[in-house]
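1. sequence and predicted structure are below.
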Amino acid sequence: MAQVLPGEHELRRVIDEDREVEGLGEADLLELYRSLILLRTYDERSLVYHRQGRIGTYAIFWNHEAAQVGSAHALEDDDWIFPSYRESAIGLLRGLPPATVLSWWRGHPAGWWNPADYNVASICVPIATHVPHAAGLAWGKKLKGDGAVAIAYFGDGATSEGAFHEGANFAAVMGAPLVLFCTNNQWAISTPLEAQTKAEALVDKAAGYGMPGIRVDGGDVLAVYEATREAVARARDGEGPTFIEAVTYRVAPHATADDPRAYIDLARVEEEKQRECVGRYDAYLRRLGVLTDELAHEFKEDALATMRAAIAAAEAEPPAGPEELFEHVYVDPPTSFGSDLAELRRILDA
């Protein structure tokens with residue numbers, strides 16, 4: 001049996017080392033930047049919309065954009081993305097309308113989409129339950145021989161869940177073309193990493209499943225891209241899954257319903273904010289002479305215009321009718337559904 005080496009403990013970096021990633025030209029570097037600005041703007045505006053009462057509880061991903069953009073750009077269009085709630089907007093990188101995701105946060109039926117239209121699965125809220133789904137789809141792609149890869153996104157807390165174990169083990173045993181992408185932001189809501197695992201690093205868990213692991217600076221969009229590209233190539237070549245641990249720090253609350261002041265190190269938060277991922281990449285591109293003030297302003301204005309149009313479109317959706325609660329629940333609905341819907345309408349009209 002082949003020996004699996006322990007995962008890389010040293011964080012892989014590109015930006016801090018001022019090196020370049022092979023195969024990325026100037027246009028590619030700017031497209032990564034445009035995507036970072038889009039997701040950053042989406043996140044910042046969504047927080048404002050929540051405070052205005054225009055969307056519901058929202059899971060903030062500020063300073064997670066590099067992990068999402070770098071990994072998503074390493075995929076082909078035929079590859080599948082399985083997001084958790086922290087990656088709610090990652091479908092925007094595949095052309096999913098931002099109004100659709102905003103509608104999801106508004107609890108409106110317009111916030112759901114056909115996953116096959118974008119190769120983006122539904123946003124998963126339960127922790128780690130989408131990992132077996134991603135493993136199963138990846139295995140199916142292997143059986144069909146179509147060369148597609150799946151990537152599943154989850155946080156450090158998910159590695160403590162049984163569903164993660166089942167999905168990782170299944171993918172490894174079946175040699176499924178899957179990338180297990182763990183964004184380790186050091187917190188599972190209010191539980192710090194050291195309180196949920198005795199592993200020296202989460203990447204060490206990979207060896208237990210017989211797969212390689214890569215530990216990368218999650219705030220370095222280029223390092224994430226490079227690591228994910230390697231994992232995707234390995235999966236596409238029939239070498240099975242890879243575990244990626246993207247290490248970052250959650251500088252915002254877990255969600256808008258959370259007050260982290262009760263448990264988080266506020267000094268550490270301020271320190272990490274000074275090294276946030278968009279600013280780091282912005283400075284890198286300016287050192288290369290690739291990014292100008294004019295381009296940066298253009299990308300930001302485009303993103304703001306996109307978000308203004310998106311919230312207008314989401315709010316223009318007509319209210320959902322009560323029949324939505326009954327449709328598509330059963331292939332053969334029980335006869336009581338008719339009277340149940342009538343009673344619900346009576347109550348709502350009362």
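-> Nice, thanks for sending it over. All of these numbers come straight from a predicted model, not from anything done at the bench.
2. residue contacts, the residue most central in space within the chain?
-> The centre of the chain sits closest to E87, judged by C-alpha atoms, centre = their mean, with a distance of 2.7 Å. Residues in contact with E87, defined by C-beta atoms under 8 Å, 6 or more residues apart in numbering, are F61, H64, Q68, I81, I123, Y153. The way it works is simple: take the backbone N, C-alpha and C, and place the C-beta from them, glycine included.
3. can you give me the helices in the stretch 51-200 of the chain?
-> 65-72, 98-105, 115-118, 130-144, 162-174 (DSSP state H, counting those that start in this stretch).
4. pretty sure R40 sits against G279.
-> No: between R40 and G279 there is no contact under C-beta atoms under 8 Å: 9.9 Å.
5. and the strands in the protein, which stretches?
-> 80-82, 150-155, 178-184, 187-188, 191-192, 213-217, 242-247 (DSSP state E).
6. packing partners for the first one?
-> For strand 80-82, the packing partners by 3 or more C-beta pairs under 8 Å, 6 or more residues apart in numbering; DSSP states H and E come out as helix 130-144, strand 150-155.
7. and the longest one, C-alpha only, in CSV?
-> Output in CSV follows, covering the C-alpha atoms of helix 130-144 (Å, rounded to 0.1, in the frame of the first residue of the first chain):
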residue,chain,number,x,y,z
HIS,A,130,-22.8,18.5,2.0
VAL,A,131,-19.4,16.8,2.1
PRO,A,132,-20.9,13.3,1.4
HIS,A,133,-23.0,14.9,-1.3
ALA,A,134,-19.9,16.3,-3.0
ALA,A,135,-18.1,13.0,-2.6
GLY,A,136,-21.0,11.1,-4.2
LEU,A,137,-21.2,13.5,-7.1
ALA,A,138,-17.5,13.3,-7.6
TRP,A,139,-17.6,9.5,-7.6
GLY,A,140,-20.4,9.6,-10.2
LYS,A,141,-18.3,11.8,-12.4
LYS,A,142,-15.4,9.3,-12.1
LEU,A,143,-17.7,6.5,-13.1
LYS,A,144,-19.0,8.4,-16.1
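8. buried sites along that helix?
-> For helix 130-144, burial by neighbour count (16 or more other C-beta atoms under 10 Å) applies to H130, V131, P132, H133, A134, A135, G136, L137, A138, W139, K141, K142.
9. same question for stretch 259-276.
-> For stretch 259-276, by 16+ other C-beta under 10 Å, it's P260, I264, V269, E272, E276.
10. likewise for stretch 188-201?
-> A188, L193, T197, A201.
11. distance between the ends of that stretch?
-> End-to-end span of stretch 188-201 (C-alpha to C-alpha, to the nearest Å): 15 Å.
12. ok, stretch 152-160 next?
-> Stretch 152-160: ends 15 Å apart by C-alpha to C-alpha.
13. who's in contact with that stretch?
-> Against stretch 152-160 from outside (C-beta under 8 Å, 6+ apart): 68, 71, 81-84, 86-87, 90, 127-128, 130-131, 133-135, 164, 167, 178-189, 191, 193, 196-197, 202, 205.
14. mind listing what the closest residue in space to D258 that isn't next to it in sequence touches?
-> Spatial nearest neighbour of D258, excluding adjacent residues (C-beta to C-beta, 6 or more residues apart in numbering): I189 at 7.0 Å. I189 sits next to G157, H254, D258 when contact means C-beta under 8 Å, 6+ apart.
15. do you know how far I189 is from A231?
-> 28 Å (C-beta to C-beta, to the nearest Å).
16. quick revisit: JSON lines please, covering the helices and strands packed on strand 80-82 and showing mean pLDDT.
-> Shown next, in JSON lines, are these (pLDDT from 0 to 100):
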{"stretch": "helix 130-144", "mean pLDDT": "98"}
{"stretch": "strand 150-155", "mean pLDDT": "98"}
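17. now those in JSON lines, with distance to H9?
-> Below are these laid out as JSON lines (distance: least, C-beta to C-beta, whole Å):
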{"stretch": "helix 130-144", "distance to H9": "23"}
{"stretch": "strand 150-155", "distance to H9": "20"}
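18. out of the ones you listed, nearest to N114?
-> N114 lies closest to helix 130-144 among the helices and strands packed on strand 80-82, at 14.7 Å (C-beta to C-beta).
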